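> sequence unavailable; structure follows:
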C-alpha cells in the first residue's frame, strides 16, 4: 500500500552511521530500535550506500548523501540524492543532511573544529540555526528531518516538526541515538531512542 495513503505509520530515523570508515558495521542496537517500523529514513553520512542493505530487511529505506570528510577519504555517500521529499501518512516529509554545501559549509566545519578544540559546544546552536534555515527553505513541509550535528534535536518551527535523530556513530560527549516517529493522521509523536553501542566497533568518530 502507498505509504502516503496509510492513516498511520511508524518511521525509523537514523543518521551519521559513517560505515565503514568510522564504524565497521551497523550495531545490533540499531536493528533492535528500528524493529517493526514501516519505513526508514537515513539523514546522511552513510559513507557507503551498500551498508544500508541490512536495514531493507526491516522496511523500505530512503537515504540522502552527507558531506565530504577528507580525514576519512569519504564522499559521504555522494551517489545518493541531496534531499528526498516523501508523503508519509498524509504528511509532507523532507529528508536532507542539513549541512551547507560549498564554501559556507567548509567555513562552518572549520569553525566547529576550532570551537571543539577550545572546549566550546556549538551543536545546540547549530541545530537551531539549521532548523530555521530548512523551514525557511521548505515552507510547505510538515516534517523536516536532518542530521550532521551528531546531537539529537526535536522542535517545532511554527507548524513544521523538525527532527534530528543524532548519530549512530559514537561521538565524544554524545550518546548514540536513533528516532522512532509515529505519524497518525494529523498527529505526530517523536521518541529519541538511546543506543548501547559496542565501542569495539568504532574506528574513531
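Arrived safely. These figures come from a predicted structure and were not determined experimentally. Residues are numbered from 1 along each chain as shown.
> for residue 96, which non-adjacent residue is spatially closest?
Using Cβ to Cβ, 6 or more residues apart in numbering and skipping the chain neighbours, the partner closest in space to residue 96 is residue 83 (4.2 Å). Glycine gets a C-beta too; all of them are placed from N, C-alpha and C.
> neighbours around the one you found, how many?
Residue 83 has 18 neighbours, counted by other Cβ atoms under 10 Å.
> tell me the contacts of it?
By Cβ atoms under 8 Å, 6 or more residues apart in numbering, the contact list for residue 83 reads 64, 94, 95, 96.
> tell me who's in contact with residue 167.
For residue 167, the contact set (Cβ under 8 Å, 6+ apart) comprises 15, 16, 17, 18, 45, 147, 150, 151, 174, 176, 177, 205.
> element containing it?
Under DSSP states H and E, no helix or strand contains residue 167.
> which secondary structure element of this structure has the lowest mean pLDDT?
Using mean pLDDT, DSSP states H and E, helix 102-117 stands out as the lowest-scoring helix or strand of the chain, at a mean of 55.
> tell me the first helix or strand C-terminal of it.
Going down the chain from helix 102-117, the next helix or strand is helix 123-137, by DSSP H and E.
> what helices or strands is that next one leaning on?
Using 3 or more Cβ pairs under 8 Å, 6 or more residues apart in numbering; DSSP states H and E, the elements in contact with helix 123-137 are strand 143-145, strand 152-157, strand 160-165.
> export those strands to a markdown table and tack on mean neighbour count and distance to residue 88?
Below are these laid out as a markdown table (neighbours: other Cβ atoms under 10 Å; distance: least, Cβ to Cβ, whole Å):
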| stretch | mean neighbour count | distance to residue 88 |
| --- | --- | --- |
| strand 143-145 | 26 | 8 |
| strand 152-157 | 17 | 17 |
| strand 160-165 | 25 | 12 |
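> residue 50 is nearest to which of the ones you listed?
strand 160-165 (21.0 Å; Cβ to Cβ).
> show me what that closest one is packed up against.
Under the contact definition 3+ Cβ pairs under 8 Å, 6+ apart, strand 160-165 sits against strand 8-14, helix 123-137, strand 143-145, strand 152-157, strand 177-184, strand 187-194.
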